[in-house]
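K.L.:
Okay, sequence plus prediction incoming.
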Amino acid sequence: MIKTSEPLSIDRSQANEDYPLSAVPPEARKSIWSLAPLLIGFTLYSGTLFAGGIVGSAYRFWPDLISVIVLSNLILGVYAAALSYIGAKSGLTTVLMARFSFGNLGSRWVDFLLCFTQIGWYAWGSAFMAELLNQLVGLPKSFNWLVVLFFTYAFCTTAYMGYLAMDWLSRLAVPVMLILMAWGLTGATADLASLSAAQVIIPQESLSVGEAMTIIVGTFISGATQVTNWSRFANSGRTAILSALLAFFLGNGFLIFSGAYCFFVYGQEDIVKVMAQQELLVGALALFFLNMWTTQDNTIYAFSVAGANMFRTKKRDRLVFLGATIALFLAWSGIYNFLVDYLILLGTFIPPIGGILMADYWLNHQGRFPSLDSSLPTYNWAGITAYILACAIAVYGPGIRPINGIIAAAVLYLITVGVSSLFSRN
């Protein structure tokens with residue numbers, strides 16, 4: 001097996017770039033009061049409301065819909081918390097961890113896949129800004145290209161500045177967003193008259209439990225797989241776990257519920273449009289702007305971190321603008337129309353990465369990654385093989401795709417590592 005080695009121990013000269021190619025040092029670690037709002041701001045995203053509407057149209061409110069939402073977001077939250085813990089303990093991003101399980105060059109497949117998904121989300125978000133402004137304030141569609149151009153670059157400014165800027169934006173924005181959403185949902189409950197009325201609404205669509213859970217988990221499975229981009233700054237494993245659960249279980253679950261609930265009441269899943277319908281237009285616009293900004297900057301930040309590993313460059317900030325430019329052209333191309341297919345794609349092909357990383361950390365390396373200075377295989381065929389097989393199982397196997405992918409990847413990785421070790425001894 002070909003070996004490569006790169007000097008990648010803690011490099012404090014990378015501080016201004018948020019340590020894209022090394023572990024985060026102890027002096028740069030943050031408390032739960034920093035990490036939790038940042039991750040919650042990441043998951044409070046208007047795009048998630050659409051998934052709530054899709055699922056809400058297919059199930060009775062209680063207990064069917066609530067059960068699907070709770071179980072799906074519990075899976076997402078536990079998955080994110082497990083990876084978040086590893087990030088805090090190792091100080092590494094997902095893509096740096098992938099060097100151990102996929103190989104020094106093999107990890108670039110992970111870079112590419114995560115870059116692609118984050119760019120897709122960022123492009124969708126930019127297009128969504130224009131679409132909703134058309135509907136809320138009557139902005140002519142002939143201006144959409146300019147709106148997309150403006151917000152594509154405006155929302156990446158905090159990502160360019162790094163963790164600290166995103167941290168303070170989220171601290172200010174998250175309380176405001178939660179208050180505004182509670183205001184809108186309270187009005188919806190008053191319009192519904194009673195929660196029991198939701199129970200008698202007949203589902204309009206047919207969606208299996210597996211499909212519903214795949215869509216819900218798919219809303220933020222890519223973000224959960226890259227939660228280490230931020231949890232590596234956590235000052236303890238407990239901080240990382242609690243922050244991830246607050247964001248991916250409660251935060252994402254709250255958005256899914258909000259989308260489904262608004263659909264039951266108004267036939268419209270977007271709480272921003274609902275608030276405008278309730279004659280709360282200023283609040284609706286504030287909520288829309290803040291939830292898009294706090295998610296979009298994290299999304300393009302994740303692209304820059306994955307891109308830094310792909311190109312082996314410390315200039316993470318420059319990649320923010322590169323990613324935004326690619327997303328701009330995708331947004332202009334019409335990506336807005338493919339959200340459901342995109343969510344199912346994410347829920348299928350992203351989770352196996354996390355399953356492999358967790359198995360590699362806890363079972364293969366017994367809870368401690370070797371130094372990034374150590375000699376690494378160019379390609380770790382155990383990880384690559386396990387990933388391909390796990391994706392096939394997720395696609396063709398019965399059950400829930402994200403769960404199938406995570407479990408299959410972890411088990412197959414341990415098997416392939418064991419087989420590789422056996423052959424290397426012989």
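P.N.:
Structure received. Note that this is a predicted model, so its numbers are computed, not measured. Numbering: from 1, shown residues only.

K.L.:
what number of residues lie near residue 294?
P.N.:
28 (other Cβ atoms under 10 Å). C-betas here are computed from N, CA, C, even on glycine.

K.L.:
Over to residue 184?
P.N.:
25.

K.L.:
If I look at it, what pLDDT would I see?
P.N.:
Residue 184 is assigned a pLDDT of 95 by the prediction.

K.L.:
so it, which of the three states?
P.N.:
helix (DSSP: H, G, I helix; E, B strand; the rest coil).

K.L.:
hang on, isn't it packed against residue 277?
P.N.:
No - the criterion here is Cβ atoms under 8 Å, and residue 184 misses it with residue 277 at 9.6 Å.

K.L.:
tally of neighbours for residue 209?
P.N.:
Residue 209 has 16 nearby residues by other Cβ under 10 Å.

K.L.:
which residues does it contact?
P.N.:
68, 400 (Cβ atoms under 8 Å, 6 or more residues apart in numbering).

K.L.:
pLDDT weak spots in the stretch 151-300 of the chain?
P.N.:
193-205 (pLDDT under 70).

K.L.:
roughly how far apart are residue 174 and residue 327?
P.N.:
Look at residue 174 and residue 327: by Cβ to Cβ, to the nearest Å, they are 24 Å apart.

K.L.:
quick one: which of the two has more around it?
P.N.:
Applying other Cβ under 10 Å to residue 174 and residue 327 shows that residue 327 carries more neighbours, namely 29 against 23.

K.L.:
which helices and strands does the helix or strand encompassing that one pack with?
P.N.:
Per DSSP states H and E: residue 327 is located in helix 316-333. Helix 316-333 is packed against helix 107-137, helix 144-154, helix 157-161, helix 281-311, with contacts defined by 3 or more Cβ pairs under 8 Å, 6 or more residues apart in numbering; DSSP states H and E.

K.L.:
how about JSON lines for these, with distance to residue 319 added?
P.N.:
Listed next are these as JSON lines, based on distance: least, Cβ to Cβ, whole Å:
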{"stretch": "helix 107-137", "distance to residue 319": "9"}
{"stretch": "helix 144-154", "distance to residue 319": "14"}
{"stretch": "helix 157-161", "distance to residue 319": "10"}
{"stretch": "helix 281-311", "distance to residue 319": "4"}
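
K.L.:
how near is the nearest residue to residue 226 once chain neighbours are set aside to residue 402?
P.N.:
Excluding the flanking residues, the one nearest residue 226 by Cβ to Cβ, 6 or more residues apart in numbering is residue 302, at 4.6 Å. Per Cβ to Cβ, residue 302 is found 19 Å from residue 402.

K.L.:
Repeat that for residue 320.
P.N.:
In terms of Cβ to Cβ, residue 320 sits 29 Å off from residue 402.

K.L.:
These two: which is more packed in?
P.N.:
Neighbours were counted for residue 320 and for residue 402 using other Cβ under 10 Å; residue 402 has more, 29 against 25.

K.L.:
what pLDDT does the more buried one get?
P.N.:
86.

K.L.:
where exactly do the helices run in the stretch 1-150 of the chain?
P.N.:
32-43, 46-56, 66-90, 94-102, 107-137, 144-154 (DSSP state H, counting those that start in this stretch).

K.L.:
residues contacting the spatially closest residue to residue 46 that is not a sequence neighbour?
P.N.:
What sits nearest to residue 46 in space, not counting adjacent residues and going by Cβ to Cβ, 6+ apart, is residue 291, at 5.6 Å. Contacts for residue 291 (Cβ under 8 Å, 6+ apart) come out as 41, 44, 45, 46, 173, 177.

K.L.:
Please repeat the previous calculation with a cut-off of 6 Å.
P.N.:
44, 45, 46, 177 (Cβ atoms under 6 Å, 6 or more residues apart in numbering).

K.L.:
how about the first one, what does it touch?
P.N.:
Residues near residue 44 by Cβ under 6 Å, 6+ apart: 177, 251, 291.

K.L.:
before we move on, what about the second one?
P.N.:
Remark: with contacts taken as Cβ under 6 Å, 6+ apart, residue 45 is in contact with 291, 295.

K.L.:
Could you check how far it is from residue 352?
P.N.:
24 Å.

K.L.:
can you check the third one too?
P.N.:
Using Cβ to Cβ, one gets 28 Å for the distance from residue 46 to residue 352.

K.L.:
which of these two has more neighbours?
P.N.:
residue 352 (30 against 22).

K.L.:
and that one, what pLDDT?
P.N.:
pLDDT, residue 352: 95.

K.L.:
residue boundaries of the strands in the stretch 151-300 of the chain?
P.N.:
Shown for the stretch 151-300 of the chain, no strands are assigned by DSSP state E, counting those that start in this stretch.

K.L.:
Can you list the low-confidence ranges for the stretch 1-150 of the chain?
P.N.:
In the stretch 1-150 of the chain, residues with pLDDT under 70: 1-11, 13.

K.L.:
Output stretch 276-286 as CSV, restricted to C-alpha atoms.
P.N.:
Extracted C-alpha coordinates of stretch 276-286, given in CSV (Å, rounded to 0.1, in the frame of the first residue of the first chain):
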residue,chain,number,x,y,z
ALA,A,276,-47.7,37.6,6.4
GLN,A,277,-51.2,36.2,6.1
GLN,A,278,-51.6,37.0,9.8
GLU,A,279,-50.7,40.6,8.9
LEU,A,280,-47.3,40.3,10.6
LEU,A,281,-45.3,41.2,7.5
VAL,A,282,-42.5,43.0,9.2
GLY,A,283,-42.0,40.1,11.6
ALA,A,284,-42.2,37.6,8.7
LEU,A,285,-39.5,39.5,6.8
ALA,A,286,-37.3,39.7,9.8
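
K.L.:
Next, the buried residues of that stretch.
P.N.:
Neighbour counts over stretch 276-286 (16 or more other Cβ atoms under 10 Å) mark 276, 277, 278, 280, 283, 284, 285, 286 as buried.
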